[in-house]
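Engineer: Show me how the following folds:
(one chain, ligands or ions: 1)
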Amino acid sequence: MVSFIAGVYLIVSFIWTLIRSWIICNTKRFNLIERYGEGSWALVTGASRGLGLEFCHQLAGEGFNVVMAARSKSLMEKEAEEISTKYKVKAIAISLDASSDTSRKELLRVTEEYDISILVNNAGMMHRSSFANLSFDKISDVFELNLRAPIKFVNAFVEKMKKRKQQSAIIVVSSLTASIPSPFMNLYSSTKAFISEYFGRKKVDAKVDMLISEYGAVSTALLPLPAIPGLISDTVTSVKCTLNLLGKRNVTFGTMAHYVQNWFMQMTVIRAFVGVLGWIATTKFVDNLLRKTTQRET
Ligand SMILES: NC(=O)c1ccc[n+]([C@@H]2O[C@H](COP(=O)([O-])OP(=O)(O)OC[C@H]3O[C@@H](n4cnc5c(N)ncnc54)[C@H](OP(=O)(O)O)[C@@H]3O)[C@@H](O)[C@H]2O)c1
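Structural biologist: Residues are numbered from 1 along each chain as shown. Sure thing, here's the model as predicted:
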């Protein structure tokens, strides 16, 4: 009887997840430019490729001017040119090393003159290794980029945004690994868990729409695998689903596939399986393997 009830519960909860995620991902988005201000700018960090670049395209498509910030300035300059021609908006590229405090301050100084209505804190990095195999400098780099940069930028922009007449928005790109066991990337997942918790999944101010994007796997340079339906999403769909929810929700997992993955990962049996993987990750054999990979990356 107990197993029957548990089985029914699982089936109903799975079907509900499918329906709910379909509804969420197909939510009709606000008219973003009307909501956040005609002629205003979107600032995207980590804009040279992957999800960040896609945010620039889709926000420009909505009529926003874009400030693109990352380290690869020449790459962004080419993209900025393409964006302004294609969407008839202004697009500029600013060099930013978000793991350096001097560079972060410089970005804040340079963007002072722009009416930034949307901040997308997207730049992030991951080492596929347990922290025990990483040098302190590498760990600090991850802290600087994944933790200190979003805190610095969000705090600075919330203050400015409160003074705008219109509504503003902040998207913080976190990860599904923030809430699921992630034995092979525990440094990365713990920084993402921190920002998801820190930014609180709630409004920071009535005038600022806050959205935490806890994406599952997305095909980018960070995860150099092709998009696989139901498993690995593409940047276009992930960003599209995110923008549909701007001003409507405080957290998203991205695409339907990511909602379903989250459901699976929250199941006790799957957590137990990942727990076993976690144990395997600590064995000498895997530890040596990770050490070798890390040395190659260094
Ligand atoms: N791909 C996934 O499966 C996945 C899943 C969940 C969450 N995410 C998150 O999504 C965000 C974007 O990742 P992605 O998948 O699009 O990766 P990506 O293709 O590797 O892009 C990362 C972006 O961050 C920039 N960046 C890296 N270090 C930087 C630094 N020190 N200062 C400024 N910019 C820096 C890179 O540009 P430069 O090298 O030119 O600086 C690049 O534009 C990250 O926060 C990541 O954690 C990704």
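Engineer: alpha carbons only for contacts and neighbour counts from here, please
Structural biologist: Fine.
Engineer: Report the buried residues of stretch 15-27.
Structural biologist: Applying a neighbour-count criterion of 16 or more other CA atoms under 10 Å, one finds T17, L18, S21, I24, C25 buried in stretch 15-27.
Engineer: what's near enough to touch F64?
Structural biologist: Neighbouring residues of F64 by CA atoms under 8 Å, 6 or more residues apart in numbering: I33, E38, G39, S40, W41, A42, V89.
Engineer: How much space separates the second one from Q166?
Structural biologist: With the distance defined as CA to CA, to the nearest Å, E38 ends up 10 Å from Q166.
Engineer: ok, now the fifth one?
Structural biologist: When distances are taken as CA to CA, W41 and Q166 turn out to be 13 Å apart.
Engineer: So those two - more neighbours on which side?
Structural biologist: Between W41 and Q166, counted using other CA atoms under 10 Å, W41 has the larger neighbour count: 26 against 15.
Engineer: give the contact list for that one.
Structural biologist: For W41, the contacting residues are F64, N65, V66, V67, Y114, D115, I116, S117, I118, by CA under 8 Å, 6+ apart.
Engineer: Make a PyMOL selection of the buried ones in these.
Structural biologist: Listed next is the PyMOL selection for buried residues among the contacts of W41, using 16+ other CA under 10 Å:
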select buried, resi 64+65+66+67+115+116+117+118
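Engineer: pretty sure M68 is touching V44, no?
Structural biologist: Yes: the criterion here is CA atoms under 8 Å, and M68 meets it with V44 at 5.4 Å.
Engineer: so what sits against both of these two?
Structural biologist: C56.
Engineer: about what we covered before: return the member of the contacts of W41 nearest to H127.
Structural biologist: Proximity of the contacts of W41 to H127 (CA to CA) peaks at V67, which lies at 27.4 Å.
Engineer: what packs against whichever strand or helix holds the closest one?
Structural biologist: Assigned by DSSP states H and E, V67 belongs to strand 65-70. With contacts taken as 3 or more CA pairs under 8 Å, 6 or more residues apart in numbering; DSSP states H and E, strand 65-70 sits against strand 41-45, helix 50-61, helix 73-87, strand 91-95.
Engineer: now, of those, which is deepest in the fold?
Structural biologist: strand 41-45 (a mean of 27; mean count of other CA atoms under 10 Å).
Engineer: ok, back up a step: just how off-centre is the strand holding V67 within its chain?
Structural biologist: 16 Å (CA atoms, centre = their mean, to the nearest Å).
Engineer: could you point out where this structure is predicted with low confidence?
Structural biologist: The model of the chain has pLDDT under 70 over residues 130-131, 201-202, 268-272, 274, 281-282, 287, 290-298.
Engineer: near the ligand, which residues of it show up?
Structural biologist: On the criterion CA under 6 Å from any ligand atom, the ligand has as its neighbours in the chain the residues 46-52, 70-72, 96-99, 122-125, 145, 173-175, 215-223.
Engineer: Mind giving me the PyMOL select for the residues you listed, buried ones only?
Structural biologist: Here is the PyMOL selection string for the buried members of those, based on 16+ other CA under 10 Å:
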select buried, resi 46+47+48+49+50+51+52+70+71+72+96+97+98+99+122+123+124+145+173+174+175+215+216+217+218+219+220
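Engineer: So which of the residues of the chain next to the ligand belong to helices?
Structural biologist: G50, L51, G52 (DSSP state H).
Engineer: wait, what's in contact with the second one?
Structural biologist: When contacts are counted by CA under 8 Å, 6+ apart, L51 is found next to N122, T220, T235, V239.
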